[in-house]
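> 3D model of this:
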Amino acid sequence: MKKIKKPNLKDKLNLCNNINCLLKDDIIYDYEINDFIIDNKDGKSFRFEGCYFEKVKFINYKNNKLEFINCIFENCDFSNVKMSNSIINQVTFDNCKLYGIDLSLSGIYDVIFLNTNLSFANFTDCHINYCEFNNCEMKNCFLDYVKFKDVNFMTSNLCLSEFVHTSLENINLSDCKISGIRVTADSLKGLIVSEFQALELVSLLGIKIDR
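Model (predicted):
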């Protein structure tokens with residue numbers, strides 16, 4: 001697996017003191033943004049590059065495209081934000097809430113999701129390359145028609161999540177919770193699971209085991 005490119009921010013960032021003034025620009029570079037609510041009531045598209053966010057809450061995003069390039073998010077909240085067709089590249093989400101986020105049709109490259117709540121997230125039709133989901137809550141996620149490349153799931157909870165027509169070849173879910181996942185037969189080829197998980201997946205295919 002190619003090593004994930006982690007964010008590489010400048011040693012000294014500009015400190016945001018007024019979020020409304022900052023958001024007058026469409027492209028925002030090299031800022032530290034702390035303890036703000038970013039309310040996109042106007043439905044603008046933004047590009048953030050080289051930025052550090054802490055305790056920032058995003059609201060009123062309604063299917064507008066966002067670009068986060070080379071950014072770090074710590075303790076941030078994107079719950080139920082609709083941001084399909086977005087680009088997330090070389091980004092770390094640490095202890096964030098992405099509950100119910102809509103990232104469908106997005107490109108997600110070189111991203112680490114760490115200790116993050118992604119339950120009910122929608123990744124339908126995403127390209128997810130060189131990514132890591134580490135100790136994440138991912139119950140009831142929609143991962144349909146996703147194209148994975150070099151993606152790791154580590155000790156994450158994928159119970160009741162859905163993988164429809166998504167190739168799971170070489171994906172290792174052996175240390176994840178996968179009870180009740182919904183998966184199509186074409187998705188299973190090459191999937192790596194534990195012996196116990198394999199028995200559960202067999203039952204999804206309608207195969208009965210004679211014990």
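
> quick one: residue 98 and residue 120 touch, right?
No - judged on CB atoms under 8 Å, residue 98 makes no contact with residue 120 at a distance of 9.4 Å. All C-beta spots, glycine's among them, are computed from the backbone N, C-alpha and C.

> these two: which is more packed in?
Legend: neighbour count by other CB atoms under 10 Å for residue 98 and residue 120, higher for residue 98 (25 against 20).

> and that one, what is it in contact with?
With contact set as CB atoms under 8 Å, 6 or more residues apart in numbering, residue 98 has these partners: 78-79, 113, 116-118, 121.

> nearest to residue 3 among those residues?
Distance to residue 3 across these (CB to CB) is lowest for residue 113, with 16.6 Å.

> the residue nearest to residue 8 when sequence neighbours are not counted sits in which helix or strand?
Closest residue to residue 8 apart from its sequence neighbours, by CB to CB, 6 or more residues apart in numbering: residue 70 at 6.4 Å. Element membership for residue 70 (DSSP states H and E) is strand 66-74.

> mind listing what's buried in that strand?
66-74 (16 or more other CB atoms under 10 Å).

> and the helix or strand following that strand, how far out from the chain's middle?
Using DSSP H and E, the next helix or strand after strand 66-74 towards the C-terminus is strand 87-94. Strand 87-94 sits 8 Å away from the centroid of its parent chain (CA atoms, centre = their mean, to the nearest Å).

> so in that sheet, which strands flank whichever helix or strand comes after strand 87-94, and in what orientation?
Next helix or strand after strand 87-94 toward the C-terminus (DSSP H and E): strand 107-114. When sheet partners are counted by DSSP bridges, strand 107-114 sits next to strand 87-94 (parallel), strand 127-134 (parallel).

> off-centre distance for the last one?
Mean C-alpha position of strand 127-134 versus that of the full chain (CA atoms, centre = their mean) differs by 8 Å.

> how about it: buried residues?
Buried residues in strand 127-134 (16+ other CB under 10 Å): 128-133.

> could you dump these to JSON lines with distance to residue 148 and pLDDT?
Below are the buried residues of strand 127-134 laid out as JSON lines (distance: CB to CB, whole Å; pLDDT from 0 to 100):
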{"residue": "128", "distance to residue 148": "5", "pLDDT": "98"}
{"residue": "129", "distance to residue 148": "8", "pLDDT": "97"}
{"residue": "130", "distance to residue 148": "10", "pLDDT": "97"}
{"residue": "131", "distance to residue 148": "8", "pLDDT": "98"}
{"residue": "132", "distance to residue 148": "12", "pLDDT": "97"}
{"residue": "133", "distance to residue 148": "11", "pLDDT": "98"}
